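Enquirer: Sequence and predicted structure, then a few things I'm wondering about:
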Amino acid sequence: MIFRESKLKGLFIIEPTIFKDDRGYFFESFNNKNFELKTGISVNFVQDNESKSQKNVLRGLHFQNTPFAQGKLVRVIQGSVLDVAVDLRKNSKTYGHHIKEIISAENKRMMYIPEGFAHGFATLENDTIFSYKCTNYYHKDSEDCILYNDPVLNIDWNIDSPILSEKDKLGKKFSSFVSKF
């Protein structure tokens, strides 16, 4: 596996080694020992989540506040997404900055998003299956959302009319957001 730390400290793009032959393919999607060795981060994943979405669905920008903050290891099983993470760590040099990455069933990339980041994705194909591991359990009272199209963040999602949940339409403006990270 190749681990690339992004411009946002602690956030890694992971490219697995894929073994292909006439039967198909095989790859290791997670190895705790290798993850810790390559990133210097010790993780304990406690919950796996999966969603299926049609093209142009936008989910995000979601996060959970402390003490229920979550690190996430995200990947796509079918289809493709534009995956986005925003740094919410108020003492970080990259506070308010974001990173975008195309993650797909074809390229098999993964992204590790540590605690202190908002996360979202836009589906690029119908029937996209998105899967992620979490370092903490879902806690409804700790969940929060930043508005996906906030002008301060200036994220180009490359979608003219995204399909959104009511919750995502009501996300907080970044300018009025007070980070707990």
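Expert: Ah, there it is. Numbers count the residues shown, from 1 in each chain.
Enquirer: How much space separates the residue nearest the centre of the chain from Ile18?
Expert: In the chain, the centroid-proximal residue (CA atoms, centre = their mean) is His119; its distance is 4.7 Å. Here the criterion is CB to CB, to the nearest Å. By it, His119 lies 25 Å from Ile18. For the C-beta atoms, the positions are set from N, CA and C on the backbone; glycine is no exception.
Enquirer: and the residue sitting furthest away from the middle of the chain, what is it in contact with?
Expert: The outermost residue of the chain, judged against the average C-alpha position, is Asp22 (32.2 Å), by CA atoms, centre = their mean. If a contact means CB atoms under 8 Å, 6 or more residues apart in numbering, then Asp22 has no contacts.
Enquirer: pLDDT value on it, please?
Expert: Note for Asp22: predicted pLDDT of 98.
Enquirer: what does Asp160 give?
Expert: Looking at Asp160, its pLDDT reads 89.
Enquirer: Stretch 100-119: how far from the chain's middle?
Expert: Between the centre of stretch 100-119 and the centre of its chain there are 5 Å (CA atoms, centre = their mean, to the nearest Å).
Enquirer: and it, which residues are buried?
Expert: Burial within stretch 100-119, assessed by neighbour count using 16 or more other CB atoms under 10 Å, is assigned to 101, 103-104, 108-119.
Enquirer: Now do the end-to-end distance for it.
Expert: Start and end residues of stretch 100-119 are separated by 10 Å (CA to CA, to the nearest Å).
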